[in-house]
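Chemist: could you look at this predicted model? Sequence included:
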Amino acid sequence: MLNQESLAELENRIYIEQVSLLYKGSISRPALHIISLTVFILVIIDYVNYVYAFTWALLLIGLNVYRFIDTYKTQKNLNDINDFKILHIRYAVCAGLLGSIYGWGLVFFFNDLPLINQVYLLSLLALMTPAGLVSFSSDKYSFYLYQYCLTLPVIIKLLSIGQAQYFNLGIVGIIYILIVRKLFIWNHNALIDAVRLKFLNEQLLTYLKGVNDRLKELTVIDELTKVANRRSLDENLEREWSRAKRTNTPISLLMIDLDYFKQYNDEYGHVKGDECLIFIAQYLKDNLNRPGDFIARYGGEEFSIIMPDTNLSGAINFAEKIHSGVRELNIPNPRSEISKYLTISIGIASVVPNNTDSYMDLIYTSDKALYNAKNDGRNIIRTKELLEKNPTPRLVV
């Protein structure tokens with residue numbers, strides 16, 4: 001479910017889209033009003049004062065030219081606008097002015113027209129009202145201002161003439177605008193629901209992407225120490241191994257074990273033990289030689305470090321640095337048999353791989369070097385310069 005903050009953000013995005021849709025429509029819409037105006041002039045010009053008619057026409061032309069320029073400029077800069085409220089008010093005011101100039105102008109000329117021209121005028125008016133369903137479909141305020149300012153003056157005029165046929169036309173006009181209003185509400189709600197659904201889908205996709213990224217992270221990151229896990233180690237080592245074969249460059253792998261860590265857990269408990277693993281993992285990560293070096297938790301209290309483009313001498317130098325560095329952290333380990341502080345043992349394998357070797361051989365060889373370090377008393381570094389083949393497991397029959 002969306003919280004209050006998310007709901008407020010969603011409604012704000014919907015509002016911005018509503019206002020944007022007013023301007024995203026065709027900039028030719030104002031030009032259509034020029035065509036409508038031309039038809040109106042043809043209907044009334046033979047019966048009304050020329051000065052009044054052309055003054056009215058100039059007002060409508062001026063307003064629609066402004067709307068055309070405003071729409072054109074806003075469309076070009078829509079992505080840079082911050083205050084959509086001002087944009088909204090400007091558009092709604094223009095819609096109200098447009099309807100008012102039409103409505104009160106037609107009322108002004110109505111009495112001077114013969115009956116047939118009055119019918120033409122009312123028919124044109126009836127055609128203009130639903131046109132607002134498209135132009136203002138995303139904003140009910142703009143539509144209401146346009147519709148009511150356009151139709152109400154004419155309806156009031158019809159009702160006030162005092163003749164039955166005009167009064168009946170006024171009643172029909174009221175029913176007509178109520179029907180148009182109902183149609184607009186249906187259309188408007190459908191549009192806003194579509195916009196809301198669009199943004200909800202975007203939020204859902206963003207959320208699902210976050211979940212998916214988190215799941216991917218869980219498959220390659222050790223949950224406790226937040227460094228890479230064994231799966232990620234294998235994938236990275238296989239990739240670096242292939243590159244080293246292709247470029248004929250050395251690659252080194254360090255296997256690191258925390259000495260007498262079981263005794264550390266026995267002394268301080270597993271919670272403190274986990275905190276120690278997290279601290280050591282971060283220390284090792286922070287002290288990697290180069291950005292291409294890669295650390296992973298191999299399992300339990302063991303860590304592995306991949307060092308591409310690094311020969312045995314370089315790997316030993318780095319191993320000595322972190323070996324003494326961990327010791328100088330002075331992490332108490334009173335049950336250790338070799339030191340009162342936490343120490344590490346390191347096994348190193350370094351090789352320039354050939355086509356018959358496997359990255360699993362490098363893991364096996366560095367693990368054998370670590371075994372030698374532990375077997376020789378721990379708190380030391382042991383190396384293997386020759387790659388040993390990882391034995392193929394056989395089923396026991």
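Modeler: The structure has been received and is ready for your questions. Note that this is a predicted model, so its numbers are computed, not measured.
Chemist: going by C-alpha atoms from here, please, whenever you check contacts or count neighbours.
Modeler: Noted.
Chemist: look at Phe294 and say how many residues are nearby.
Modeler: Neighbour count of Phe294, defined by other C-alpha atoms under 10 Å: 21.
Chemist: helices and strands around the strand or helix carrying Leu42, which ones?
Modeler: Assigned by DSSP states H and E, Leu42 belongs to helix 29-44. Here helix 29-44 touches helix 50-77, helix 115-135, going by 3 or more C-alpha pairs under 8 Å, 6 or more residues apart in numbering; DSSP states H and E.
Chemist: as CSV, the ones you listed with mean pLDDT and mean neighbour count would be great.
Modeler: Listed next are those as CSV, based on pLDDT from 0 to 100; neighbours: other C-alpha atoms under 10 Å:
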stretch, mean pLDDT, mean neighbour count
helix 50-77, 90, 16
helix 115-135, 84, 16
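Chemist: rewinding a little: in the helix holding Leu42, which residues are buried?
Modeler: Within helix 29-44, the residues that qualify as buried are 30-31, 33-34, 37, 40-41, 43-44, counting by 16 or more other C-alpha atoms under 10 Å.
Chemist: kindly report the same for stretch 352-360.
Modeler: Neighbour counts over stretch 352-360 (16+ other C-alpha under 10 Å) mark 352-353, 357-360 as buried.
Chemist: still on that earlier bit, residues in contact with the helix holding Leu42?
Modeler: 53, 57, 60-61, 64-65, 67-68, 109, 113, 117, 120-121, 124, 135 (C-alpha atoms under 8 Å, 6 or more residues apart in numbering).
Chemist: any idea how far Asp234 is from Ile363?
Modeler: According to C-alpha to C-alpha, to the nearest Å, Ile363 stands 9 Å off from Asp234.
Chemist: same check, this time on Ile177
Modeler: Counting by C-alpha to C-alpha, the separation of Ile177 from Asp234 is 72 Å.
Chemist: now swap in Leu63 and tell me
Modeler: Going from Leu63 to Asp234 by C-alpha to C-alpha gives 70 Å.
Chemist: more neighbours, Ile363 and Asp234?
Modeler: When Ile363 and Asp234 are compared for neighbours, Ile363 comes out ahead with 24 against 16, by other C-alpha under 10 Å.
Chemist: show me where pLDDT drops low in the protein?
Modeler: 1-5, 26, 217-218, 392-397 (pLDDT under 70).
Chemist: for the residue nearest the centre of it, helix, strand, or coil?
Modeler: With distances taken as C-alpha atoms, centre = their mean, the residue of the chain nearest its centroid is Thr206 (5.9 Å). Of the three states, Thr206 takes helix under DSSP: H, G, I helix; E, B strand; the rest coil.
Chemist: same list (the buried residues of stretch 352-360) but as JSON lines, adding distance to Asn375 and secondary structure.
Modeler: Listed next are the buried residues of stretch 352-360 as JSON lines, based on distance: C-alpha to C-alpha, whole Å; DSSP: H, G, I helix; E, B strand; the rest coil:
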{"residue": "Val352", "distance to Asn375": "27", "secondary structure": "coil"}
{"residue": "Pro353", "distance to Asn375": "27", "secondary structure": "coil"}
{"residue": "Asp357", "distance to Asn375": "27", "secondary structure": "coil"}
{"residue": "Ser358", "distance to Asn375": "26", "secondary structure": "coil"}
{"residue": "Tyr359", "distance to Asn375": "24", "secondary structure": "helix"}
{"residue": "Met360", "distance to Asn375": "22", "secondary structure": "helix"}
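Chemist: widest-spaced pair of the residues you listed?
Modeler: Farthest apart among those by C-alpha to C-alpha are Val352 and Met360. That separation is 14.0 Å.
Chemist: quick one: contacts for Ile306?
Modeler: Contacts for Ile306 were tallied using C-alpha under 8 Å, 6+ apart; they are 237, 251-254, 293-295.
Chemist: beyond the helix or strand containing it, next helix or strand please.
Modeler: Per DSSP H and E, Ile306 falls inside strand 302-308. Per DSSP H and E, the first helix or strand lying C-terminal to strand 302-308 is helix 312-328.
Chemist: show residues contacting that following helix.
Modeler: 252-254, 280, 284, 287, 289, 307, 341-346, 348-351, 380-381, 385.
Chemist: type out the PyMOL command that picks the buried ones from these.
Modeler: To isolate the buried ones among the contacts of helix 312-328 in PyMOL, judged by 16+ other C-alpha under 10 Å, type:
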select buried, resi 252+253+254+280+284+307+341+342+343+344+345+346+348+349+350+351+380+381
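Chemist: turn the helices and strands packed on helix 29-44 into CSV, columns for distance to Asn390.
Modeler: Converted to CSV, the helices and strands packed on helix 29-44 look like this (distance: least, C-alpha to C-alpha, whole Å):
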stretch, distance to Asn390
helix 50-77, 65
helix 115-135, 73
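Chemist: between those, which one is closest to Arg196.
Modeler: helix 115-135 (19.0 Å).
Chemist: only alpha carbons, please: show whichever helix or strand comes after the closest one as CSV.
Modeler: Following helix 115-135 in sequence order, the next helix or strand is helix 140-160 (DSSP H and E). Only the C-alpha atoms of helix 140-160 are listed here, as CSV (Å, rounded to 0.1, in the frame of the first residue of the first chain):
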residue,chain,number,x,y,z
LYS,A,140,-12.7,20.2,-15.5
TYR,A,141,-12.1,23.8,-14.4
SER,A,142,-11.1,24.9,-17.9
PHE,A,143,-14.0,23.0,-19.4
TYR,A,144,-16.5,24.5,-17.0
LEU,A,145,-15.3,28.0,-17.5
TYR,A,146,-15.4,27.6,-21.3
GLN,A,147,-18.8,25.8,-21.4
TYR,A,148,-20.7,28.0,-18.9
CYS,A,149,-19.3,31.3,-20.1
LEU,A,150,-20.2,30.2,-23.7
THR,A,151,-23.7,28.8,-23.1
LEU,A,152,-25.2,30.5,-20.1
PRO,A,153,-25.4,34.0,-21.5
VAL,A,154,-27.3,32.6,-24.6
ILE,A,155,-29.6,30.5,-22.5
ILE,A,156,-30.4,33.4,-20.2
LYS,A,157,-31.1,35.5,-23.3
LEU,A,158,-33.5,32.8,-24.7
LEU,A,159,-35.3,32.5,-21.4
SER,A,160,-35.7,36.2,-21.0
